[in-house]
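>>> Below: sequence and its predicted model.
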Amino acid sequence: MSSVAPADQAVSPPPPEKPAPGRALPVNLRQSGIYIAFALIVALFAVLTSGQLLSPQNISNIIVQNSYILILSIGMILIIIGGHIDLSVGSVVAVTGAIAAVLMVEHHVPWPLAVLLTILAGAAIGAWQGYWIAYFEIPAFIVTLAGMLVFRALTLTVLGNQGIGPFPDDVRTIANGFLSGYLGNIGLGPLGGADLFTLLVALALVGGYVGFGWRNRQGRIGYGQKVEPLTVFALKYALGVVVVMFMAVQLARFKNMPWVLVLLGVLVLGSTLVMNRAVFGRHVYALGGNPLAAKLSGIKVKSVSFWLFVNMGVLSAIAGIVFAGRLNQAGPTAGNMFELDAIAAAFIGGAAVQGGVGKVVGAITGGLIMGVINNGMSLLGAPSERVMLIKGLVLLAAVAFDIWAKRRTGTAR
Amino acid sequence: MTEAILRMRGITKTFPAVKALQDVNLEVRRGEIHAICGENGAGKSTLMKVLSGVYPHGDYSGGIEFEGEPCRFSGIRDSEQRGIVIIHQELALSPYLSIAENIYLGNERRGRLGLIDWNRTNADAAKLLERVGLHENPVTPAMDLGVGKQQLVEIAKALSKRVKLLILDEPTAALNDADSAHLLDLLRGLRDEGITCVIISHKLNEIRAIADSTTILRDGRTIETLDMAGEVSEDRIISGMVGRDLDNRFPDRVPDIGAEVLRIEDWTVHSPTQHGRVVVDRAALTLRRGEVVGLAGLMGAGRTELAMSVFGRSYGTGITGRIYKDGKEISVRTVTDAIRHGLAYATEDRKTYGLNLIEDVKRNVSAAGLRGLAKAGWVDDNREYEVAEWFRKEMNIKAPSVLSVTGQLSGGNQQKVVLSKWIFTDADVLILDEPTRGIDVGAKYEIYSIINRMADQGRAVLVISSELPELIGLCDRLYAMAGGRITGEVSRADATPERLMQHMTQTEESTA
């Protein structure tokens, strides 16, 4: 029952304002719950591993080891927000890795051109699946289940059932390597030497982050919108700055910034901007929230679905190249079960099962939660079956929490 | 006959921070039809949920006495065992199961080994169908039935449970006049068989026609119980519901009608599901600036189908005909085309087709006109907020802020969000399909005022409605549809319900 007073001044005197239905849980907690959970998990493993988890080298490891899953989870969250699903990404990672390997290793195509061609192949694969889903109106679950088999089969055909490698050094650097220290090292007192360039980039990012947030806030005030109190704003941004700077210092102390982190940063920023500010992003949310209403509002729902899958194909190809480059070989079993990790990342990160809800940063956080669990437990020497068990339970708990929170706030449908 | 079958005393039900019911009393006599009315949010449905055990004993305070014995229901099964059955507004039939299977769902006729005895199931179901006057084979799947017939199946289901007190929540909300009349007749028949009925309804003429007594709720309290044996006018009931006299249910307007803005000619639409069936047959109509035009018709007459097929071919196949905008023929092949040509269509089912319920008010308002807020594909967030805020004030949308989730608003306020969305596209032809369905009296008046305001701004408004008094009170000119054809055009001065109904039933004999 809604608490919004139904009567009208024109007919009856205005009724007294009724308070909103009680919320045991502030709306904020539902949105920020994932970040709090992430912080708790990191703290837990930091204690259990006596700080090893947050050591310079380990932070770098977590990022590089999970980069391809994180890249996939960006595409996956967009697809899930749009109300679809993609089960084929693992196979697409494998087939695009294989294509890249054949081009670079067997045909000696210059690597930039080979990367470009591989990305185009990924786009074509996405377009193929997008066509059946958007224009032929077959559920994405079925189309991508078929794609999972088809692209795995193509991988085996392209590779001839064997691994192909090694990759050119440049590709391996992108997947596995670090930026060269352009500006040399700087002493940080007791922390030892650190890469100056990495620190400067981090400072610039932090500056941009705070500046952008401030401008946004001022803009809202200018339009007479309600904004959070200055203390909350300051606290939130201070926390973000501390976390980013801590990571940057640790990375700078180890080697430099990993190339994949740069790549990831660009992809996350770009997709966040598109989802929040671009007409296309809005249309994705509208499509997932209510496809029928979206269609009757003049949104070209078929085209939106189609491009979502093209985007997924491109990101799968990028992940395929990174993964193959990291292993220095394209193998027939590459990317096995990646789709499940990417889907889990999206749902842990707060995507709604029925679509229409979710954030790119949430999916990245979800992916990092799984990455930290993986990494932390292997540091503790836990067997892999226990890691799997914990990851499964975390996924279930995350979705259960989301549904519970929705019931509490009365927004469940 | 005057003994009370049900007494509810001092019922108070609190939701976190909201008192939904406060010290409500209800007394229903055995064998009567008792109507409950009140605005949306007055507490009618909550009261019925307390009665039927949806809110179990202990969840509310106060006492319930049924047939002289106190009741402490802990769930629906308890209340059904005592013979209290509730039929909800949203019908709950399983579409792929047969009528008979639906009737005995959860209460299956069993034979040997506990297996279902299909012969007995179907034979018993057939008897029940005869009792409710539904001439259908019991093995027909429920999805093949119209809403009216589904309602009858629900009643048959209730009868199968040996119902003593039947509660119907807005039973005729989705029915056309003929089906409503049949349903009301059936309820009278059940009353004569000794079954007591409690009926929640917004339709005051029905209450006057059928109820023996009426209890009015307002803001979670009992206002009064009227004995309907005397002459009780609709305005008398309305004044009880809204708390003051309602001198005028329709706002005044002096129409200022300008040039023709939209003309449809020779418009024919075929059914997308039934091959070869003509749903709209050579329809023609014109709309002029500043004019509110009504489109009347019984269910299945093709009104929604006509509107949606014009709106970018959102319905139907094999569409032929011509559309003229400001005298020039236009091609409207997609919804995007329609919006570009200044057409808007607000659906009859706003929850399914009109709104993104999990999204906030702001994004729903901007959904159709987002391009107008964007430069090179990037949306101006702050402008969007400003626009939504403007509509919130202008349309009197009662929401704490434009960032409130649309699904939490009341029906009337959701409808205002839908109207805002279309006004923001700057449409000059608005097609409003059942704009006041499921909206309480007070909010209806607001919607009427908005419609008038849109006409005064020089837009043309086409209103589709199943309520004839609404059409007659609101429109400058009326079309009637029957069997897919426009069967009549009537000016406001000549419009009477009888005359419209004549047109609306015109082809029934010739095509049936």
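It's in.

>>> All the strands of the stretch 51-200 of chain A, residue numbers only.
Along the stretch 51-200 of chain A, counting by DSSP state E, counting those that start in this stretch, strands occupy A:185-187, A:193-195.

>>> in its sheet, what does the last one sit against?
Take DSSP bridges as the rule and strand A:193-195 pairs in its sheet with strand A:185-187 (antiparallel).

>>> What segments of the stretch 201-350 of chain A are helices?
Ranges of helices within the stretch 201-350 of chain A are A:230-254, A:259-277, A:279-289, A:291-296, A:301-327, A:338-348, based on DSSP state H, counting those that start in this stretch.

>>> Report all helices and strands that whichever helix or strand comes after the last one contacts.
Right, helix A:338-348. Where DSSP states H and E defines the elements, the next helix or strand beyond helix A:338-348 is helix A:360-379. Contacts defined by 3 or more C-beta pairs under 8 Å, 6 or more residues apart in numbering or on different chains; DSSP states H and E place helix A:360-379 against helix A:27-48, helix A:56-81, helix A:259-277, helix A:338-348, helix A:384-409. Just so you know, the C-beta spots here come from the backbone N, C-alpha and C atoms, and that holds for glycine as well.

>>> So for chain B, which of those sits nearest?
Closest to chain B of those is helix A:259-277 (C-beta to the nearest C-beta; 5.2 Å).

>>> which bits of the stretch 251-400 of chain B sit near chain A?
B:251, B:311-312, B:314, B:334-336, B:338-339, B:345, B:347, B:352-359, B:363, B:366-368, B:370-371, B:374, B:377-379, B:381-382, B:385-386, B:389, B:396, B:398-400 (C-beta under 8 Å from any C-beta of the partner chain).

>>> Only the buried members of these: can you turn that into a ChimeraX selection?
Buried members of those, defined by 16 or more other C-beta atoms under 10 Å in any protein chain shown, are picked up in ChimeraX with:
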select /B:251,311,312,314,334,335,336,338,339,345,347,353,354,355,356,357,358,359,363,366,367,368,370,371,374,378,379,381,382,385,386,389,396,398,399
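
>>> So which of the residues of the stretch 251-400 of chain B next to chain A belong to strands?
Taking DSSP state E, the ones among those that sit in strands are B:345, B:374, B:378, B:379.

>>> circling back: could you dump the strands of the stretch 51-200 of chain A to a markdown table with distance to residue B:163 and mean pLDDT?
As requested, the strands of the stretch 51-200 of chain A are exported to a markdown table (distance: least, C-beta to C-beta, whole Å; pLDDT from 0 to 100):
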| stretch | distance to residue B:163 | mean pLDDT |
| --- | --- | --- |
| strand A:185-187 | 84 | 76 |
| strand A:193-195 | 79 | 80 |
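
>>> For residue B:182, which non-adjacent residue is closest in space?
Spatial nearest neighbour of residue B:182, excluding adjacent residues (C-beta to C-beta, 6 or more residues apart in numbering or on different chains): residue B:133 at 6.7 Å.

>>> and what of residue A:72?
In space, residue A:72 is closest to residue A:342, 4.0 Å off (C-beta to C-beta, 6+ apart).

>>> Relative to residue B:385, how far out is the residue in the stretch 101-250 of chain A that chain B sits nearest to?
Closest contact between the stretch 101-250 of chain A and chain B, by C-beta to the nearest C-beta, is at residue A:223 (4.6 Å). In this view, residue A:223 and residue B:385 are 6 Å apart by C-beta to C-beta, to the nearest Å.

>>> Check residue A:273 too.
For residue A:273 relative to residue B:385 (C-beta to C-beta), the value is 18 Å.

>>> what's the answer for residue A:101, then?
Residue A:101 is 50 Å from residue B:385, by C-beta to C-beta.

>>> Flag the shaky bits of chain B, pLDDT-wise.
B:1-2, B:16-18, B:40-41, B:173-174, B:242-248, B:299, B:506-512 (pLDDT under 70).

>>> domains of it?
B:4-245, B:259-342+B:427-505, B:356-426 (the TED database).

>>> In a markdown table, list the ones you listed along with distance to residue A:376.
Shown next, in a markdown table, are the domains of chain B (distance: least, C-beta to C-beta, whole Å):
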| stretch | distance to residue A:376 |
| --- | --- |
| domain B:4-245 | 39 |
| domain B:259-342+B:427-505 | 51 |
| domain B:356-426 | 34 |
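
>>> SS state for residue B:324?
strand (DSSP: H, G, I helix; E, B strand; the rest coil).

>>> Surely residue A:130 and residue A:303 touch.
No: using C-beta atoms under 8 Å, residue A:130 is not in contact with residue A:303; the gap is 9.5 Å.

>>> Counting neighbours, go ahead and name the busier of those two.
Comparing residue A:130 with residue A:303 by other C-beta atoms under 10 Å in any protein chain shown, the one with more neighbours is residue A:130, at 25 against 14.

>>> how about the nearest residue to the more buried one, chain neighbours excluded?
Using C-beta to C-beta, 6+ apart, the nearest residue to residue A:130 is residue A:309, at 3.4 Å.

>>> Contact partners for that neighbour?
If you count contacts by C-beta atoms under 8 Å, 6 or more residues apart in numbering or on different chains, residue A:309 has them with A:79, A:84, A:86, A:126, A:127, A:129, A:130, A:133, A:134, A:140.

>>> Fine by me, we can end here.
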